[in-house]
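In: structure, please.
(chains A and B)
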Amino acid sequence: MSATNEATNRTLTLKRTFNVPVKLVWEAWTRPDHIAQWWGPKGMKTKIVEHDFKVGGKWKYTMAMPDGSEFISDGVYSVIIALQKIFSSANFKPMTEGVEIQALFEANGEKTNFTFNVVHPTEEYCKQQEKMGGMKGWGSVFDRLESFVATLSKI
Amino acid sequence: MTLSARRDVFQAIADPTRRQIINLVARKAMNLNTITDHFEISRPSVSQHIKILTECGLIEIEKVGRERYCKVQPNNLKTVSDWIEQYRDLWEEKLDSFETYLNKLHAKRKKK
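Out: Numbers count the residues shown, from 1 in each chain, chains lettered A, B, ... in the order given. Here you go, the predicted model:
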């Protein structure tokens, strides 16, 4: 912790290199007909409710759970630079709200270097913690998702 | 319910000054005066922040002679990083799914 700044401590970073040119990566990441195909966990249907792909535009995807409840992901785009980056606020209800997601694309010949950041706001988290009564609330949501995904892989 | 009973590490790091204090003492144990020198706010305010950090278990006060030194408690800080880490698997899965789809799409386009 000592050498890093506080933003780093609340950021989850994932890096990948895709064996696909950046143009196609961008297309698959941003077009709703593509997103519906990959956004949800295996076998889970994603419905694209809203997809206003511009700065200030809203997006909203829902995934139906077998028990009738829904996982809702939504947010508002704050930065869009074609073939380079997309920043957006994001809520993943009921799991986490008020994060910023950052997708960075970098052409690397026929490949694409891709970096994905999830910046967690601690203030928001605290408020939420109080509402949900601590870690318990989180645990049960994850258990539910996990067991659901486990059921799917058996089918 | 008392206020202190509701305090946890997340509340402690919700404040920018407290995050800076953690960063400072994470490098080296410091006494209150040295910590105060790094801030524009008053000694009592710094002291109040340290009190909260101590109550949340992120900082420990160690007495050396007449001096009291503030030291981080790395284990409790780990709670914070663990909380963020629990999401990693979910995102990795999403990116796996994206990559699989992307490769399929790429193969399809090449055929055309």
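
In: all contacts plus neighbour counts: C-alpha atoms, from now on.
Out: Noted.

In: and the strands in chain A, which stretches?
Out: Secondary structure of chain A by DSSP state E: the strands cover A:11-18, A:46-51, A:58-64, A:70-81, A:85-93, A:96-108, A:111-119.

In: the ones you listed: which one's closest to B:Gly65?
Out: For the strands of chain A, the distance to B:Gly65 is smallest for strand A:11-18, at 39.7 Å, taking CA to CA.

In: anything in that closest one near chain B?
Out: Yes - using CA under 8 Å from any CA of the partner chain, strand A:11-18 reaches chain B at A:Thr11, A:Leu12, A:Leu14, A:Phe18.

In: can you lay out the strands of chain A as JSON lines showing mean neighbour count and mean pLDDT?
Out: Formatted as JSON lines, the strands of chain A follow (neighbours: other CA atoms under 10 Å in any protein chain shown; pLDDT from 0 to 100):
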{"stretch": "strand A:11-18", "mean neighbour count": "17", "mean pLDDT": "86"}
{"stretch": "strand A:46-51", "mean neighbour count": "17", "mean pLDDT": "94"}
{"stretch": "strand A:58-64", "mean neighbour count": "19", "mean pLDDT": "91"}
{"stretch": "strand A:70-81", "mean neighbour count": "18", "mean pLDDT": "93"}
{"stretch": "strand A:85-93", "mean neighbour count": "19", "mean pLDDT": "90"}
{"stretch": "strand A:96-108", "mean neighbour count": "19", "mean pLDDT": "89"}
{"stretch": "strand A:111-119", "mean neighbour count": "20", "mean pLDDT": "90"}
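
In: distance to B:Tyr87 added to these, as a markdown table?
Out: Formatted as a markdown table, the entries for these read as follows, by distance: least, CA to CA, whole Å:
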| stretch | distance to B:Tyr87 |
| --- | --- |
| strand A:11-18 | 8 |
| strand A:46-51 | 20 |
| strand A:58-64 | 18 |
| strand A:70-81 | 15 |
| strand A:85-93 | 11 |
| strand A:96-108 | 10 |
| strand A:111-119 | 9 |
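
In: can you give me the helices in chain B?
Out: B:3-6, B:9-12, B:16-27, B:32-37, B:43-55, B:74-85, B:88-111 (DSSP state H).
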